[in-house]
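**Student:** got a predicted structure plus its sequence, pasted below:
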Amino acid sequence: MAGPSIDDLDRQLIGVLAEDARVSNRRVASDLGVTEGTVRCRIKRLQQENLISFTAITGLELASKSRLGKIRIQTEAVHQRQLAETISRMDPINAVMLTLGSFNILAMCLFDDLEELAALASERILALPGVQHVETSVAVRQVKYNALISKIT
């Protein structure tokens, strides 16, 4: 599967916006040595292709639920992608990733009560056909949280 079609100017533009998404198109154009229209068109295309979006990212301390949980899921390889899609639609799941190792799906969620996490993992996810094993962990202290994924090489 081919990756997204972006060039060096797109990468530079994304890098600038990742540092400060509120910077003016005029300033970006000046910094990158292109016209403001080029910047505006590039941003619009990157947004339309779902390669970038603009949103306010809050710290975990502002989340409506107070705890971060991770659920590692071991599945039969043939079911991995379909299970990941199914799990991604479950409330309160916030993120799902396909991984390598003994667990091939990682799901993350915010929750208030340990019983809520336990029920999600053992009653809902483990009950799915193709799921072999689940393991949960709970974040007890936030050392670093940086939702910025910006460097594209």
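**Tutor:** Nice, I can see it. Numbering: from 1, shown residues only.
**Student:** domains of the chain: list them as residue ranges, please.
**Tutor:** As assigned by automatic domain parsing, the chain contains the domains 8-48, 60-138.
**Student:** quick one: mean pLDDT for the shortest one?
**Tutor:** Per-residue confidence for domain 8-48 averages out to 94 on the pLDDT scale.
**Student:** ends of it, how far apart?
**Tutor:** Distance between the two ends of domain 8-48: 19 Å, counting by Cα to Cα, to the nearest Å.
**Student:** so how far is it off the chain centroid?
**Tutor:** Distance of domain 8-48 from the chain centroid (Cα atoms, centre = their mean, to the nearest Å) equals 22 Å.
**Student:** likewise stretch 88-97?
**Tutor:** How far stretch 88-97 lies from its chain's middle: 10 Å, per Cα atoms, centre = their mean.
**Student:** right, and the domains of the chain - which one's nearest Lys144?
**Tutor:** Of all the domains of the chain, domain 60-138 sits nearest to Lys144, with 10.9 Å by Cβ to Cβ. In short, each C-beta sits where N, CA and C put it, glycine included.
**Student:** now the strands: where do they sit in this structure?
**Tutor:** 67-75, 93-98, 105-111, 131-138 (DSSP state E).
**Student:** what does the second one rub up against?
**Tutor:** For strand 93-98, the external contacting residues (Cβ atoms under 8 Å, 6 or more residues apart in numbering) are 80-81, 84, 87-88, 104-110, 120.
**Student:** can you list the strands of the chain in CSV and add mean pLDDT?
**Tutor:** Below are the strands of the chain laid out as CSV (pLDDT from 0 to 100):
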stretch, mean pLDDT
strand 67-75, 94
strand 93-98, 95
strand 105-111, 94
strand 131-138, 96
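**Student:** is the residue nearest to Leu83 when sequence neighbours are not counted bridged to anything, and to what?
**Tutor:** Leaving aside its chain neighbours, Leu83 sits nearest to Thr75 (5.2 Å; criterion: Cβ to Cβ, 6 or more residues apart in numbering). Note on Thr75: beta-bridge partners Val131, judged by DSSP bridges.
**Student:** pretty sure Arg42 contacts Leu13?
**Tutor:** Yes. The pair Arg42 and Leu13 passes the contact test of Cβ atoms under 8 Å, sitting 5.5 Å apart.
**Student:** do you know how far the most centrally placed residue in the chain is from Gln47?
**Tutor:** For the chain, Ala95 is the residue whose C-alpha lies nearest the centre (Cα atoms, centre = their mean; 5.8 Å). Note on Ala95: its distance to Gln47, by Cβ to Cβ, to the nearest Å, is 21 Å.
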